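Student: Give me coordinates for this.
(chains A and B)
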Amino acid sequence: MRKVFLALKEIKHEKFRYTLIAIMIMMISYLMFILMGLMLGLANENKAAINSWRTQTVFLNQNANGSLNQSMITSPQLSRKLNRHEALIGQASVVLTRATGGHKDKQNAQLIGLDAQQFIAKKRLQLVAGRQTKNDHEIVVDQGLSTQGYHLGDQVRLNGNGQGFKIVGFVKNAKLSVAPVIYTSLANWRKLRGVNSTVLASGIVADQNVKGSAFPKLSRLTVSQFINKLPGYTAQNNTFTFMIAFLMVISLVIIAVFLYILTMQKMANYAVLRAQGIPARHLVNATLAQAALLMLCGVVGGVIFTWITQLLMPTTVPILMSWPAIGGIGLALIALGMVGALLPVRMILKIDPIAALNN
Amino acid sequence: MTAIKLRNVNKAFGTGLSRVTVLQDVSFSADLGELNLILGPSGSGKSTLLTIIGGLQTPDSGVVLIDGQDLAEQSPKQRDQLRLTTIGFVLQSYNLLPYLNVADQFKLVDRVKKRGNLTPAELSTLLKELGIDQLLDHYPGELSGGQNQRVALARALYANPQIVLADEPTAALDSERVKVVGRLLREMAATHNKAVIVVTHDLRLQEFADHTYQLLDGRLRAE
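Tutor: Below you'll find the model as predicted:
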């Protein structure tokens, strides 16, 4: 309390001025939190399905350049049978249309063909309604489609194919490359992809670390390498990361300038206090405590605004609030604010009390 | 007992043609229990003399002894400590923080100097004597110049310093208040055994002084 005595008294007396500064800090932190939420939301929509499979290792065709979409695995490329930690996945980009009800709307989607006996189909699909596929021409789809008017039992067409598919279940965390995922059998995937039965799948995923020697004719990727190869994923993340980083630097400059001006306005008062023998350390502590209080109020305000925004945001906006990440950015902002507050500290240490007397 | 002793103090500002000698061979001493008045017109070097005694600036030559200690041998931190514990400054600029009310001005002293300040009863008596006991909740911006000056005086005396250095403490006061402040400074010196030095051009304070000096053209002489 000793350190914040002067800081609190001044803030209390100059409510309007300090409220404005706290609001400015709040808006900066709010903007950062929202940007981070959008970055995480978009990133999540790119990779939610992969995360839901709890993948650690991915094997693709050696010529696919790490892209699931470009990869095809044939029987001769497999040197052994898959174990219970490994699963084949077939991937294809499809256009989803309703076969009934006269609806004309189309939806881009990612088709994932699975083997019903392997670990993804058996253990990893998180059903929120309906059931797993049992019969031919059945699909399980991302629960996000239920908010777009799709229901259990609906007949849909994929890529305008004459054959209809029936929605028998909705699953959560089923987004890949920012599109809803449609799970079906590998046989259906082959039909839609137009390949024969020598093509087994697009790739193999394993929920444990598998060495490259397990499938020497395939290319091994860790899950992070695999995700970074998703189309647009790295570029999008880098864009957001740079935006947040630049915003951090700009915030540092703005906050430092504000605190500098504030301190400049108090130099005459501080000079008088120094003339009376009040140690410079006490005044520095008061300045830093004031900066910490302002930063804390601003950042907490930003967190509250972010929380309210999250509640009001439509579900179609890909925003994901990670409270640990918000805490991290908030702490980084406070730390940057304190760095900014160090700028006027040098001036306080060099105050000439004679100036106070001359004034 | 001598609290302040100056021997052949010289101070000049500027160089070459713009060099101005402010203090010339000033020798002076102030004893505990006495009120010393230093009179002089504006620009005569009164404030410079006060800041040299208070350790805020150093003379070009000469010796300044406070309580027997040579200020030139003390570090800036030691001089800060001296001003905090031993010297009370009453400045022309009132030395009040605009965002602290009158009560908080004294609390600030408590926070930086934990021991030796006036007791609540002594403070209450002081505030009543100065006629500012009803102003504790007011901020400096809400007070008149005279009220601010009295609060500043009370604030300096609250730390119970051995030496009080006052720069024009009655500049904003009417004659009645000048008498109150004069009596108070005199009483502070005599009753509480302090060395009080007042630099001023207010002749109304002369009747309360034990010693009066004139500072003219940088030279100090006793009246």
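
Student: ok, the closest residue to residue A:291 other than its chain neighbours to chain B distance?
Tutor: Spatial nearest neighbour of residue A:291, excluding adjacent residues (CB to CB, 6 or more residues apart in numbering or on different chains): residue A:341 at 3.4 Å. (Glycine included, C-beta is placed from N, CA and C.) To chain B, residue A:341 is 18 Å away according to CB to the nearest CB, to the nearest Å.

Student: Would you mark the buried spots in stretch A:314-329?
Tutor: A:318-322, A:326, A:329 (16 or more other CB atoms under 10 Å in any protein chain shown).

Student: ok, now which ones touch the residue nearest to residue A:291?
Tutor: By CB atoms under 8 Å, 6 or more residues apart in numbering or on different chains, the residues touching residue A:341 are A:255-256, A:259, A:287-288, A:290-292.

Student: Swap in 7 Å and give it another go.
Tutor: Taking CB atoms under 7 Å, 6 or more residues apart in numbering or on different chains, we find residue A:341 in contact with A:259, A:287-288, A:291.

Student: so where do the helices sit in the chain?
Tutor: Just so you know, I chose chain A. Under the criterion DSSP state H, helices of chain A are mapped to A:5-13, A:15-52, A:119, A:186-193, A:223-228, A:233-265, A:267-275, A:280-312, A:323-349, A:353-358.

Student: hm, I was asking about chain B
Tutor: Per DSSP H, chain B carries helices over the ranges B:46-53, B:76-85, B:102-112, B:120-130, B:145-158, B:175-191.

Student: among the helices of chain A, which is the most enclosed?
Tutor: Stretch with highest mean neighbour count among the helices of chain A: helix A:267-275 (a mean of 22; mean count of other CB atoms under 10 Å in any protein chain shown).

Student: do that one and chain B meet at all?
Tutor: Yes - shown here: helix A:267-275 in contact with chain B (CB under 7 Å from any CB of the partner chain) through A:269, A:272, A:275.

Student: Please look at the last one and residue B:88 and confirm they touch.
Tutor: No - contact criterion CB atoms under 7 Å: residue A:275 and residue B:88 do not qualify, at 11.1 Å.

Student: need the helices of chain A in JSON lines with distance to residue B:9 and mean pLDDT, can you?
Tutor: Listed next are these as JSON lines, based on distance: least, CB to CB, whole Å; pLDDT from 0 to 100:
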{"stretch": "helix A:5-13", "distance to residue B:9": "35", "mean pLDDT": "89"}
{"stretch": "helix A:15-52", "distance to residue B:9": "44", "mean pLDDT": "92"}
{"stretch": "helix A:119", "distance to residue B:9": "92", "mean pLDDT": "91"}
{"stretch": "helix A:186-193", "distance to residue B:9": "98", "mean pLDDT": "90"}
{"stretch": "helix A:223-228", "distance to residue B:9": "75", "mean pLDDT": "93"}
{"stretch": "helix A:233-265", "distance to residue B:9": "34", "mean pLDDT": "87"}
{"stretch": "helix A:267-275", "distance to residue B:9": "19", "mean pLDDT": "85"}
{"stretch": "helix A:280-312", "distance to residue B:9": "26", "mean pLDDT": "91"}
{"stretch": "helix A:323-349", "distance to residue B:9": "28", "mean pLDDT": "88"}
{"stretch": "helix A:353-358", "distance to residue B:9": "16", "mean pLDDT": "70"}
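
Student: who wins for proximity to residue A:99 among the ones you listed?
Tutor: Residue A:99 lies closest to helix A:186-193 among the helices of chain A, at 14.8 Å (CB to CB).

Student: Can I get the closest one in CSV? Just the C-alpha atoms.
Tutor: Extracted C-alpha coordinates of helix A:186-193, given in CSV (Å, rounded to 0.1, in the frame of the first residue of the first chain):
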residue,chain,number,x,y,z
LEU,A,186,-13.5,-45.9,-47.4
ALA,A,187,-15.6,-47.7,-50.1
ASN,A,188,-17.8,-44.6,-50.5
TRP,A,189,-14.7,-42.4,-50.6
ARG,A,190,-13.2,-44.5,-53.4
LYS,A,191,-16.4,-44.1,-55.4
LEU,A,192,-16.4,-40.4,-55.0
ARG,A,193,-12.7,-40.1,-55.7
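
Student: which outside residues touch that helix?
Tutor: Contacts for helix A:186-193 (CB under 7 Å, 6+ apart): A:88, A:90, A:92, A:94, A:111, A:113-115, A:137, A:158-159, A:161, A:197, A:199, A:201.

Student: Quick one: mean pLDDT for stretch A:201-210?
Tutor: Averaged across stretch A:201-210, the pLDDT comes to 93.
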